[in-house]
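**Q** coords please:
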Amino acid sequence: MPGWTRVAAVATLGLSLGLGACAGSGPNVSADPFSAATEGPQTISIHVTNLNFQDARLWAVSTAGRQRIGVVGGKANAVYRISWEFARPLRFEIDLLAGPSCTTDALMVDPGDELQLQIEMDLARMRYCR
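**A** Numbers count the residues shown, from 1 in each chain. As a prediction, the model looks like this:
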C-alpha cells in the first residue's frame, strides 16, 4: 500500500510540525490578565424590522446619553452597529417621521449583543413603549 504510506508520512509530518510549534511557546507570565477583556467586541448589533408605512428615526438612550442609530424606511429592514463598551441599560426611542414617537422599556445590554427591534404598524399597540 504505497499510497497509504505517503498519507501516513504526510500526517506524521503535519503532527510533528504542529507539536514543534506548540513546544516553543510557553505562558506569558508578565502579561496583564485583564487585557483580554478589552479585546472583545465593543459594539452591539440592532436588527430592525419596520412594519409601519412611515420612516422611523431611531435613537439609543442609555446612562451614557442619547446616540443616533439611524433611519429605517417604512416597511423595511435594517441592521445597525453602535459602539457599546460595557454592560448598561438601553432604551430605544422611535420617532415616526410623520407621526407619533415612543421610548421602549430599558433592557440590560452587554457588548457583543445582537438585538431585534420590531416597529409595529400602530405604535400605540407596542406594549413595551411608554
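**Q** Beta-bridge partners for T49, please?
**A** Counting by DSSP bridges, T49 is bridged to N77, Q118.
**Q** I'd say it and E120 touch.
**A** No - using Cβ atoms under 8 Å, T49 is not in contact with E120; the gap is 9.7 Å. Any C-beta I mention is one placed from the backbone N, CA and C, and that applies to glycine too.
**Q** contacting residues around the residue lying closest to D113 once chain neighbours are set aside?
**A** The shortest distance from D113 to any non-neighbouring residue, by Cβ to Cβ, 6 or more residues apart in numbering, is to I44 (4.9 Å). For I44, the contact set (Cβ atoms under 8 Å, 6 or more residues apart in numbering) comprises 81-82, 84, 90, 109-115.
**Q** Can you add pLDDT and distance to F53 and give those back as a markdown table?
**A** A markdown table is the format used below for the contacts of I44 (pLDDT from 0 to 100; distance: Cβ to Cβ, whole Å):
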| residue | pLDDT | distance to F53 |
| --- | --- | --- |
| R81 | 98 | 26 |
| I82 | 97 | 26 |
| W84 | 95 | 30 |
| L90 | 98 | 26 |
| V109 | 97 | 29 |
| D110 | 96 | 34 |
| P111 | 96 | 34 |
| G112 | 96 | 33 |
| D113 | 97 | 29 |
| E114 | 97 | 26 |
| L115 | 98 | 23 |
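**Q** export these to JSON lines and tack on distance to G73?
**A** Below are these laid out as JSON lines (distance: Cβ to Cβ, whole Å):
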{"residue": "R81", "distance to G73": "18"}
{"residue": "I82", "distance to G73": "19"}
{"residue": "W84", "distance to G73": "24"}
{"residue": "L90", "distance to G73": "23"}
{"residue": "V109", "distance to G73": "25"}
{"residue": "D110", "distance to G73": "29"}
{"residue": "P111", "distance to G73": "28"}
{"residue": "G112", "distance to G73": "27"}
{"residue": "D113", "distance to G73": "24"}
{"residue": "E114", "distance to G73": "21"}
{"residue": "L115", "distance to G73": "19"}
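**Q** Can you go through those residues and name the buried ones?
**A** Neighbour counting with 16 or more other Cβ atoms under 10 Å marks 82, 84, 90, 109, 113 as buried within these.
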